[in-house]
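1. coordinates only, no sequence provided:
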């Protein structure tokens, strides 16, 4: 805003002060749908990234069929191997 010499700043004028008094309160919160979508999507994405990482690790690095990651018997076998002597 341009200001001529001797004029007051716009924040000091009566118009701006009147607007400030009649200003309607704006919503401070975000849309609740976006918040719920974030709460649901983040754990789902984390779960699928862990499953994909296990499949890549077991299939590519371990040279085994990647679908065995989804078999519960695989994890029972690993558990037995880790805690066999205890």
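-> Cool, the structure landed. These figures come from a predicted structure and were not determined experimentally.
2. in what element of secondary structure is residue 51 found?
-> Assigned by DSSP states H and E, residue 51 falls within helix 32-56.
3. for residue 74, same thing?
-> helix 72-82.
4. host element of residue 64?
-> For residue 64, there is no host helix or strand (DSSP H and E).
5. could I get the average pLDDT for stretch 72-80?
-> The pLDDT scores in stretch 72-80 average 93.
6. now that stretch: buried residues?
-> The neighbour-count check on stretch 72-80 (16 or more other C-beta atoms under 10 Å) flags nothing as buried. For the C-beta atoms, the positions are set from N, CA and C on the backbone; glycine is no exception.
7. before we move on, what about stretch 36-56?
-> In terms of neighbour count (16+ other C-beta under 10 Å), stretch 36-56 has its buried residues at residue 55.
8. contacts for that stretch?
-> Stretch 36-56 has contacts (C-beta atoms under 8 Å, 6 or more residues apart in numbering) with 66-67, 69-70.
9. what about those, which one has the most neighbours?
-> When neighbours are counted by other C-beta atoms under 10 Å, residue 69 leads the contacts of stretch 36-56 with 19 neighbours.
10. ok, it - contacts?
-> Residue 69 neighbours (C-beta under 8 Å, 6+ apart): 51, 54-55, 58-59.
11. please tell me how far residue 53 sits from residue 59.
-> In this view, residue 53 and residue 59 are 11 Å apart by C-beta to C-beta, to the nearest Å.
12. for the chain, which element, helix or strand, carries the lowest mean pLDDT?
-> The least trusted helix or strand in the chain, going by mean pLDDT, DSSP states H and E, turns out to be helix 14-21, with a mean of 60.
13. the contacts of stretch 36-56 into TSV, with extra columns for secondary structure?
-> Formatted as TSV, those follow (DSSP: H, G, I helix; E, B strand; the rest coil):
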residue	secondary structure
66	helix
67	helix
69	helix
70	helix
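14. mind putting those in JSON lines, distance to residue 35 included?
-> Output for the contacts of stretch 36-56, formatted as JSON lines (distance: C-beta to C-beta, whole Å):
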{"residue": "66", "distance to residue 35": "35"}
{"residue": "67", "distance to residue 35": "36"}
{"residue": "69", "distance to residue 35": "33"}
{"residue": "70", "distance to residue 35": "32"}
